[in-house]
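Trainee: Okay, sequence plus prediction incoming.
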Amino acid sequence: MFISVAVPVPNLDLLTYAVADDVDRPAIGARVLVPLGTRVVTGIVIDHVDDPGAARDVKLVQKVLDAHAFVPAEVVGLARWTAEYYAAGVGDTIPALLPPMARGARVDAHKTQRIASITPAGLATLHSDAHLEPVEGRAVTRKQREALELLAAAPDGIPTPTLATRGIAGSAISRLVRHGYISVRSERIDRDPFGVRPQRSAAPSDAQSGGVRPQPSAASSDALNGGVRPLGGGTPTRLLTGEQQAAFDRLRALADSLAFHVALLHGVTGSGKTEIYLRLATTTRDAGRRVLMLVPEIALTPAIAALFRDAFGDRVAIQHSGLSDGERHDQWHRIRRGDVDVVVGTRSAVFTPLERIGLIVVDEEHDGSYKQEEIPRYNARDVAIVRAQRAQALIVLGSATPSIETYHHAMTGKYERVVLARRVLDRPLADVKIVDMREEYAAEGPDVILSRPLRDAIQMRLERREQSLVLLNRRGFATAVFCRQCAGTVDCPNCSVSLVVHGEGNARRARCHYCNFTARVPKTCPLCAGPYLDQQGVGTERVEAEVKALVPSARIARLDRDAIRRRGTLASLLARFRAGEIDVLVGTQMIAKGHDFPQVTLVGVVSADVGLGLADFRASERTFQLLTQVAGRAGRGDKPGEAIIQTLYPGHYSIQLACKQDYPTFYERELQFRRAMRYPPFVSLVNTVVRARAFSQAMDDAADLAQRLRDADARGDFRVLGPAPPPLGKLRGEYRAQVLVKGTNRKGIRLALQAALAGRPDVQRRAVVDIDPLSVL
Ligand code: ADP
Ligand code: ZN
């Protein structure tokens, strides 16, 4: 008796193992310990094999870890499909299939944690000790002070492992305990990602060691009602608008058919799509089936999950990579046990162990975050469609700015198309104004960052006590250091990009956004030694500083990947903004996505052109989506909104049409371009990047690959472009060369490519294949 097993080793095919005669054949989806070389690894049973065929020397499974499927067989099948379609190994999907801590035997580890809390003495010390000076003869180190500050802000205390992730070690904690500044208690916790704080049982841990877990219940919804929750949506009593009702009726009919359907819910920003998802979910649950709700960003999960919690109580789970290991573990097992009806999650939740799915929603389906940019390079939206098909479920793709591919399918009848053309309660879309920055430069000089109309608009919002969002899709303070003598830039030694300046004054650093290389900003040019170095280009940090200078009394915050490095910062920033504690929020595309902030009446875009210069065929599409989405954040409440878009290309069609929020015309324009240039949806793309230490080797290997592909294509089914150095010719110290294949037979391309790579195993190890790439940089 034989089984095929996926092991978590990159790029490996399924392996065949034998099962000893006195052992029951393990179920598909069960975990097994198998020998691999000199190691023993945890694998997942993918299939039963009758005949090991040519495989000689089949080794014996060492141990079967599960009596039943650990991963549902349905999800195993989906992982298999994903691996095949995206030219990856099944083992590459394992991290997405398993909860944390599932690769060993200790899988049901419900944890007891030590919780630290600040004492009154600690609080007093914190307030008296403003400058890290010794107090009462006791030195409080910077770390200890940080710990006290954290604890002062957390009345219920903080688990010590969380403190450890902030660099506050056990020794620092013990010292604070000895000083009497903090106390530590031991508690059993039920890691509940919904609440602002984890829900805990009050009793000491040893009193509860019977293994009965307290049910997450009233306590956690109370925490939600405490303020972080968005508007009181989700209550099934709210009346749908006529348009919503019509859309809901159509989708409901599809759901009731209990058959596979893909529907595009094309609804303008603020048209009330979420309300429709909630109702469909209720219908689905009432029919005895379950719901998977995918959102593109971790930041969007709390608000959506809270709405679902209102409707479904504790039969809702969250799955995303921002949860702690413990939370992920608990959520995964709740889902697997069948304790939940709704899973809200990001990309990898498409592999959730939820069974009997009747409805999948992919909100903001156009969003690039659904694409995993590492192996396996899957698009969760597309995997979700396959999952829905296998489950005979309805899948709803929601967006105000659908991807060109999805809209094309809707227009050609492959998908159902359901439209919400108006905002709820007939609220107007934001009034969008374009500012031609060439005129601003002429009038105000070349250094102006905020144009006159944008400055006036921000000031006016402050007077009216309304909120503003200011978008610039570029992090940092300045985007390059430039030499006025030799025109050189200070570049990353490992990547072919210039370093980005972060911070000001003494805190100034030059950093690579790809490999994180960081250096002091040089005083003289590294190329010509000249002393004339200038900063060039503007990032979000600079915009934040400009806004501060413009309105010093305003409460200003910044939201970008740098600002939210620390766990929890993102959620607290968004909560503060929602609560009206921030007047102006400056940020990257993170502020553009899906949020519903009713008090925002102004959206400013500092430069709409950031993405347009990229040598990527989706540059226009992305710019259109970003601008439409961010403009859609304004005027979602009672007061009408305004958007001001600064650009050097006021005539560009993606900017013009985004201002009019005219999706259909944009689609027609873009489709013409795609047709003429032979890009998706007219062809499939497969991008292969070969890496090497030397530029010539990367190019030679890619050339060989391209030649093999051309030779294999006797019938002329596809076009092979390259080899060529991509825009990012060097990355993390390695040179890259690209081979792009276009054709209508995606599978044919993949098979030819896999055959070509199999002929050059040395190249295969350094090649990354991207099927349906979102970006070809
Ligand atoms: P979308 O996702 O389409 O951009 P949302 O679902 O966030 O829009 O809805 C926008 C706002 O309108 C939200 O504040 C929501 O609570 C509110 N809303 C939705 N449906 C209704 C309705 N039928 N009546 C009143 N307000 C609604
Ligand atoms: Zn770099």
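Mentor: Structure received. Ligands and ions are numbered 1, 2, ... in the order given.

Trainee: what about the residue in the stretch 651-777 of the chain that ligand 1 sits nearest to, neighbour count?
Mentor: Using C-beta to the nearest ligand atom, Q661 is the residue of the stretch 651-777 of the chain that sits closest to ligand 1, at 12.2 Å. Just so you know, the C-beta spots here come from the backbone N, C-alpha and C atoms, and that holds for glycine as well. Residues lying near Q661 (other C-beta atoms under 10 Å) number 20.

Trainee: Quick check, it in contact with V268.
Mentor: Yes. Using C-beta atoms under 8 Å, Q661 is in contact with V268, at 6.6 Å.

Trainee: Now for these two: what residues contact both?
Mentor: Taking C-beta atoms under 8 Å, 6 or more residues apart in numbering as the contact rule, Q661 and V268 both touch 429, 632.

Trainee: Show the backbone phi and psi for the residue of the stretch 651-777 of the chain closest to ligand 1.
Mentor: phi 50, psi 40 (degrees, to the nearest 10).

Trainee: Could you confirm whether stretch 518-526 reaches ligand 2?
Mentor: No. Stretch 518-526 does not reach ligand 2 (C-beta under 5 Å from the ion); its nearest approach is 9.7 Å.

Trainee: now that stretch, how far from the centre of its chain.
Mentor: Here the centre of stretch 518-526 is set off from its chain's centre by 33 Å, with C-alpha atoms, centre = their mean, to the nearest Å.

Trainee: do stretch 153-164 as well
Mentor: Computed by C-alpha atoms, centre = their mean, the separation of stretch 153-164 from the middle of its chain amounts to 26 Å.

Trainee: Also stretch 514-529?
Mentor: For stretch 514-529, the distance to the chain centre is 31 Å (C-alpha atoms, centre = their mean).

Trainee: Contacts for it next, please.
Mentor: Counting by C-beta under 8 Å, 6+ apart, 481, 483, 485-486, 488, 490, 492-495, 497, 499, 501, 508-512, 530-533, 728, 731-733 sit against stretch 514-529.

Trainee: tell me how far the ends of it are from each other?
Mentor: With C-alpha to C-alpha, to the nearest Å as the measure, stretch 514-529 spans 26 Å from end to end.

Trainee: for it, what is the average pLDDT?
Mentor: For stretch 514-529, mean pLDDT rounds to 90.

Trainee: what's the answer for stretch 368-387, then?
Mentor: 96.

Trainee: May I see the buried residues of that stretch?
Mentor: Neighbour-count burial for stretch 368-387 flags 368-372, 375-387 (criterion: 16 or more other C-beta atoms under 10 Å).

Trainee: Tell me which of the residues you listed fall in helices.
Mentor: 380-387 (DSSP state H).

Trainee: if we take the residues you listed, which one ends up nearest to ligand 2?
Mentor: Proximity of these to ligand 2 (C-beta to the ion) peaks at A380, which lies at 27.8 Å.

Trainee: my guess is A752 contacts D713, does it?
Mentor: Yes. If you go by C-beta under 8 Å, A752 and D713 touch, sitting 6.5 Å apart.

Trainee: Neighbour count: the two, which is higher?
Mentor: In terms of neighbours (other C-beta under 10 Å), A752 is the more surrounded of A752 and D713; the figures are 23 against 17.

Trainee: Name the residues of the helix or strand encompassing that one that are buried.
Mentor: If you go by DSSP states H and E, A752 is part of helix 746-758. Under the neighbour-count criterion of 16+ other C-beta under 10 Å, helix 746-758 has 746, 748-750, 752-753, 756-757 buried.

Trainee: Residues of the stretch 451-600 of the chain that sit close to ligand 2?
Mentor: Counting by C-beta under 5 Å from the ion, the stretch 451-600 of the chain sits next to ligand 2 at 492, 494-495, 512, 514-515, 517.

Trainee: try 8 Å this time
Mentor: Residues of the stretch 451-600 of the chain lying close to ligand 2 by C-beta under 8 Å from the ion are 492-495, 497, 499, 512-517.

Trainee: Neighbour-wise, which one of those leads?
Mentor: Using other C-beta under 10 Å as the neighbour criterion, L499 leads those with 26 neighbours.

Trainee: pretty sure P727 is in contact with L777, am I right?
Mentor: Yes. Counting by C-beta under 8 Å, L777 is a contact partner of P727 at 4.9 Å.

Trainee: residues shared between the contacts of those two?
Mentor: In contact with both P727 and L777: 614-615, using C-beta under 8 Å, 6+ apart.

Trainee: quick one: which of the residues of the stretch 451-600 of the chain next to ligand 2 sit in strands?
Mentor: Residues of these located in strands (DSSP state E): none.

Trainee: Identify, from those, the entry nearest to E541.
Mentor: Nearest to E541 among those is H513, at 13.1 Å by C-beta to C-beta.

Trainee: Run a quick neighbour tally on the one residue in the stretch 301-450 of the chain that gets nearest to ligand 1.
Mentor: Here the stretch 301-450 of the chain gets closest to ligand 1 at one residue, V424, 4.1 Å apart by C-beta to the nearest ligand atom. Number of residues near V424 (other C-beta under 10 Å) recorded here: 17.

Trainee: Pull the contacting residues for it.
Mentor: Counted by C-beta under 8 Å, 6+ apart, V424 has contacts 241, 244, 270-272.

Trainee: switch the cut-off to 10 Å
Mentor: Counting by C-beta atoms under 10 Å, 6 or more residues apart in numbering, V424 touches 240-241, 243-244, 267, 270-273, 275, 636.

Trainee: where do the strands sit along the stretch 551-700 of the chain?
Mentor: Counting by DSSP state E, counting those that start in this stretch, the stretch 551-700 of the chain has strands at residues 556-559, 584-587, 600-605, 642-647, 684-692.

Trainee: So in that sheet, which strands flank the fourth one, and in what orientation?
Mentor: Same thing as strand 642-647. strand 431-436 (parallel), strand 600-605 (parallel) (DSSP bridges).

Trainee: Show me how far it is from its chain's centre.
Mentor: Relative to the centre of its chain, strand 642-647 is centred 26 Å away, using C-alpha atoms, centre = their mean.

Trainee: ok, now the longest one?
Mentor: Its chain's C-alpha centre and that of strand 684-692 lie 23 Å apart, by C-alpha atoms, centre = their mean.

Trainee: pLDDT (mean, whole number) over the helix holding A752?
Mentor: Helix 746-758 shows a mean pLDDT of 94.

Trainee: which other residues reach the next helix or strand after that helix?
Mentor: Going down the chain from helix 746-758, the next helix or strand is helix 761-764, by DSSP H and E. Helix 761-764 has contacts (C-beta under 10 Å, 6+ apart) with 11, 688, 690-692, 697-698, 700-702, 704-705, 708, 754, 756-758.
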